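Colleague: My questions are about this predicted structure, shown below with the sequence.
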Amino acid sequence: MNGAPLDRAALWARIDATPEWDLVVVGGGATGCGLALDAAARGFSVALFEAEDFAKGTSSRATKLLHGGVRYLAQGDVGLVREALHERTAVLHNAPHVSHRLPFVMPGYRWWEGGFYGMGLKAYDLLAGARTLGATEFLSAARTRALAPNVKPEGLTGGVKYWDAQFDDARLAVLLARSAAAAGAVVLNHAPVTALIRDQGQVRGVVVAGRGVRARCVVNATGIWVDALRDMDRAPDAPAKTPIVAPSQGVHLVVDRGFWPGEHALLVPKTRDGRVLFAVPWLGKTILGTTDTPREAVALEPRPLRAEVDFILGEAARYLERAPRRADVRSVWVGMRPLVKPSAEDGADTKALSREHTVLVGRSGLVTVTGGKWTTYRAMAEDVLTRCMARGLLPPRPGGVTDALVLLGAAPGRSLGEPPGEHLYGTEAETLHALPGATRWLAVDAESGAGILSEAMVRFAVRHEFARCAEDVLARRSRLLFLDAAQAAAVAPAVAAIVAEETGRDPALEAFTALAAQYARLP
Ligand SMILES: Cc1cc2nc3c(=O)[nH]c(=O)nc-3n(C[C@H](O)[C@H](O)[C@H](O)COP(=O)(O)OP(=O)(O)OC[C@H]3O[C@@H](n4cnc5c(N)ncnc54)[C@H](O)[C@@H]3O)c2cc1C
């Protein structure tokens, strides 16, 4: 894996040659990839199948924050915050090339705000203890303006500065998948599971790409799609299962750094609808978001609603002196989170329900995990494996193996506010450099002139990072689609030509061009 190019035929041959896996994971987002890594690191035999691409679902559409969840503190859920703060540290340690600590500024416009929120954040510091990333500070109005130059000065009474962290979500998912492979798992993207193998009411494996793959334990880690797989887990004449997921979507808008200059992120603690709003410097641009809008159905490429876009721009205009308008938006993307209501059919477990995520072990032995947040993927994996072992689906093996397990390429990184570059490859930058086209830039950052996507990066994506089409490269290895959809569309033909040369397959350029048009267009 490290250095040697991928050989998909050899991976399928390993699938076919294995009579029974300890664990088959269905779904290659944060949850599935994290689980595959933990199980492989414990010495279990593991196969992971992802229908589309690693992180194609919710896991590429996060706000990119590694956080303890200050709002859980407000709800008094100290345990959840403590766990997430521990996990924040683990990601910063294990994947330092794709994560970084990030200071936030919370501006105050009422005399009591600074003290009120500042005290909460001091408690956040206390909970972090030795894992703190920096002390919370109370700011004067002048200092707030100095750290956040575009914040509205009228009525500003002061502010609070605190620390959390940020990351590149899709690159982390791919690193988890590749690190799982390095630990012995077989991971495959573009490999949808279409049925479950059942034997006397028990799940014994999955059907993928027309072949049966048998396993002692099957985990359904398909995010907002868990109900589709749960529904495969029934006798042909049995009634359809009651869905447990109700989707809710969150929109992000990306604008130039000029709208939020400086190194700090902005947190608005209470928008007009009582939620939080972020402006986060990320890979040379600024992410604004997000919303929380219940939807009827799950979607692979959810669409933003006009009201959501208007809401984000309207809230931004309340806090930014020079506010972005619709024409300033470079990309709009939408993620769906699952709101989970477990049903009796799954044998609901109340302990699991008090967590942010849900783990259900069905009577058939199918294990379903959904919910939670990116930050806690590692703790979720431990939880799932504990449950599998408790139910006798896997033999007992001690946990804690991924707490300090560094991922491929781990090396001290830079601020993720800077445009993307070779630093995101860590120690693998050497392998990248040895590939053809290391200095041929296909895309440069308009503001700084820095090269952000090279021919070699495209080749690396195909040879080492499982990319199979133009979208895999431009959406999730490079993040250009999320940063500037028009620029992504403009370089897509050049990227597609390299992908076609590397894979000998159709790089699906037309499909990508249509997708980029969706990300570039506001409703
Ligand atoms: C708007 C928004 C912002 C967020 N921001 C943050 C944040 O800043 N920080 C944070 O910590 N968390 C954040 N989260 C939460 C975090 O993104 C999610 O908890 C996490 O990504 C969920 O990962 P998952 O693997 O469970 O689901 P997904 O990433 O959706 O993965 C499920 C995968 O299963 C695959 N799949 C489906 N069916 C099949 C099948 N039949 N066969 C094979 N594969 C299949 C899908 O293609 C998909 O890739 C945010 C969530 C949202 C919605």
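Modeller: Done, it's in. Nothing here was measured: the structure is a model prediction, and the numbers come from that model.

Colleague: which regions of the stretch 351-500 of the chain sit below the pLDDT cut-off?
Modeller: The stretch 351-500 of the chain contains residues with pLDDT under 70 at 351-355.

Colleague: Apply 90 and report the result again.
Modeller: Where the stretch 351-500 of the chain drops to pLDDT under 90, the residues are 351-356, 446-448.

Colleague: Please list the residues of it that sit near the ligand.
Modeller: 370, 372-375 (CB under 6 Å from any ligand atom). All C-beta atoms are positioned from the backbone trio N, CA, C, and that covers glycine.

Colleague: repeat for the stretch 151-300 of the chain
Modeller: Near the ligand, when you scan the stretch 151-300 of the chain using CB under 6 Å from any ligand atom, you find 192-193, 221-225, 229, 250, 290.

Colleague: hmm, which two among those residues are most spread apart?
Modeller: Farthest pair in those (CB to CB) is Val193 and Thr290. Separation: 29.6 Å.

Colleague: Isn't Thr503 up against Arg468?
Modeller: Yes - Thr503 is in contact with Arg468 according to CB atoms under 8 Å; the separation is 6.3 Å.

Colleague: Quick check: neighbours shared by those two?
Modeller: Taking CB atoms under 8 Å, 6 or more residues apart in numbering as the contact rule, Thr503 and Arg468 both touch Val462.

Colleague: So between the two, which is more surrounded?
Modeller: Per other CB atoms under 10 Å, whichever of Thr503 and Arg468 has more neighbours is Arg468, with 21 against 15.

Colleague: Tell me the secondary structure of Met106, please.
Modeller: Met106 carries the three-state label strand when classified by DSSP: H, G, I helix; E, B strand; the rest coil.

Colleague: no wait, Thr386
Modeller: The assignment at Thr386 comes out as helix when based on three-state DSSP.

Colleague: burial of the closest residue to it other than its chain neighbours, as a residue count?
Modeller: Closest residue to Thr386 apart from its sequence neighbours, by CB to CB, 6 or more residues apart in numbering: Gly399 at 6.8 Å. Per other CB under 10 Å, the neighbour tally for Gly399 reads 16.

Colleague: Would you agree Val462 is in contact with Val499?
Modeller: Yes - counting by CB under 8 Å, Val462 touches Val499, with 6.0 Å between them.

Colleague: Now do the shared contacts for those two.
Modeller: In contact with both Val462 and Val499: 468, 473, using CB under 8 Å, 6+ apart.

Colleague: So for these two, which residue has more residues nearby?
Modeller: Neighbour totals were compared for Val462 and Val499, and Val499 leads with 29 against 24 (other CB under 10 Å).

Colleague: Was I right to think that one contacts Ala470?
Modeller: Yes - the pair Val499 and Ala470 passes the contact test of CB under 8 Å, sitting 5.8 Å apart.

Colleague: Now for those two: what residues contact both?
Modeller: Joint contacts of Val499 and Ala470 (CB under 8 Å, 6+ apart) are Pro507.

Colleague: buried stuff in the longest helix along the chain?
Modeller: Longest helix in the chain, counting residues (DSSP state H): helix 485-503. Neighbour counts over helix 485-503 (16 or more other CB atoms under 10 Å) mark 485, 487-489, 491-492, 494-496, 498-500, 502 as buried.

Colleague: Stretch 360-373 now?
Modeller: Here stretch 360-373 shows 360-362, 364-373 as buried, counting by 16+ other CB under 10 Å.

Colleague: mind putting these in a markdown table, secondary structure included?
Modeller: Shown next, in a markdown table, are the buried residues of stretch 360-373 (three-state DSSP):
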| residue | secondary structure |
| --- | --- |
| Leu360 | strand |
| Val361 | strand |
| Gly362 | coil |
| Ser364 | coil |
| Gly365 | coil |
| Leu366 | coil |
| Val367 | strand |
| Thr368 | strand |
| Val369 | strand |
| Thr370 | strand |
| Gly371 | strand |
| Gly372 | coil |
| Lys373 | coil |
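
Colleague: Of those residues, which pair is most distant in space?
Modeller: Largest pairwise distance in those, by CB to CB, is 28.0 Å, between Ser364 and Lys373.

Colleague: mind listing what the residue of the stretch 401-523 of the chain found nearest the ligand touches?
Modeller: Of all residues in the stretch 401-523 of the chain, the one sitting closest to the ligand is Arg476 (10.2 Å; CB to the nearest ligand atom). Contact analysis of Arg476 by CB under 8 Å, 6+ apart lists 53-56, 60, 170-171, 173-174, 467.

Colleague: re earlier: closest to Ala146 out of the buried residues of stretch 360-373?
Modeller: Lys373 (31.9 Å).

Colleague: Chain neighbours aside, what residue packs nearest to that closest one?
Modeller: Nearest one to Lys373, counting by CB to CB, 6+ apart, is Glu356 at 6.3 Å.

Colleague: Now do Ser60 against Pro103, distance only.
Modeller: Relative to Pro103, Ser60 is positioned 25 Å away (CB to CB, to the nearest Å).

Colleague: Looking at the two, which one has more neighbours?
Modeller: More crowded of Ser60 and Pro103, by other CB under 10 Å: Ser60, with 26 against 16.

Colleague: what's near enough to touch the more buried one?
Modeller: 169-170, 173, 335, 475-476, 482.

Colleague: if we can go back for a sec, could you double-check that the residue nearest to Lys373 lies in contact with Gly371?
Modeller: Yes - using CB under 8 Å, Glu356 is in contact with Gly371, at 6.1 Å.

Colleague: Surely Val359 forms part of a strand?
Modeller: Yes - when classified by three-state DSSP, Val359 is found to be part of a strand.

Colleague: Now do it: how many residues are near it, please.
Modeller: 24.

Colleague: what does Glu296 give?
Modeller: 7.

Colleague: One more: the one 3 residues further on?
Modeller: Look at Ala299: counted by other CB under 10 Å, it has 13 neighbours.

Colleague: ok, the nearest residue to it once chain neighbours are set aside to the ligand distance?
Modeller: Setting aside the residues directly before and after it, Ala299 is nearest to Met336 in space (CB to CB, 6+ apart), at 6.9 Å. Met336 sits 6 Å away from the ligand, going by CB to the nearest ligand atom, to the nearest Å.

Colleague: Ramachandran coordinates for Met336?
Modeller: Phi and psi for Met336, reported as degrees, to the nearest 10, are phi -110, psi 130.

Colleague: mind listing what it touches?
Modeller: Per CB under 8 Å, 6+ apart, neighbours of Met336: 57-58, 61, 223-224, 247-250, 295, 298-299, 302.

Colleague: Thanks a lot, catch you later.
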